[in-house]
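# Structure, please.
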Amino acid sequence: MGKNEDRILILEDDAYFRNILENICKPMGETLAVGDIESALGLLTKQSFQLLLLDWHLNQTEISSLYSIIENFHPGAKRIALFTVPDLPNLIAAMKAGAVDILWAAQDKETLKEKIS
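Prediction:
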């Protein structure tokens, strides 16, 4: 990703993990971080994003509206699924749903940075 050329959206309800991701992403591009699905949906309909870091369990509650908006407004955006604690069935489901990678809160910051880059 080019420095400050891309827009990144982080949807993560865990404030600590969201803050870590936001600090990692800021040097990579304009970064917006939210903790609830309604805020994310509002941003997704008003702005374009090239990278979406999405809390997998949070977006499962409204998966149809979120993925509909992503497909209609951001078809080329890369999606990364976020997990507080990953489990195999949900990891597989996230990859099948279009996630290009998986991140979880226990990973060290350098690993997170490498995967996001």
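
# Quick check: phi and psi on the closest residue to residue 16 other than its chain neighbours?
When the adjacent residues along the chain are set aside, residue 16 lies closest to residue 105, with 7.6 Å between them (CB to CB, 6 or more residues apart in numbering). C-beta coordinates here come from the backbone N, C-alpha and C atoms, glycine included. The phi and psi values for residue 105, taken as degrees, to the nearest 10, are phi -60, psi -30.

# I'd like the distance between residue 97 and residue 91.
From residue 97 over to residue 91 the distance is 11 Å, taken as CB to CB, to the nearest Å.

# Run through who's touching stretch 94-109.
For stretch 94-109, the surrounding residues in contact (CB atoms under 8 Å, 6 or more residues apart in numbering) are 14, 16-17, 20-21, 24, 53-54, 56, 63, 67, 78-86, 91, 112, 115-116.

# And the strands in this protein?
6-11, 29-34, 51-55, 78-83, 99-104 (DSSP state E).

# What helices and strands are in contact with the fourth one?
Spelled out, that is strand 78-83. Where contact means 3 or more CB pairs under 8 Å, 6 or more residues apart in numbering; DSSP states H and E, strand 78-83 is packed against strand 51-55, helix 56-59, helix 88-96, strand 99-104.
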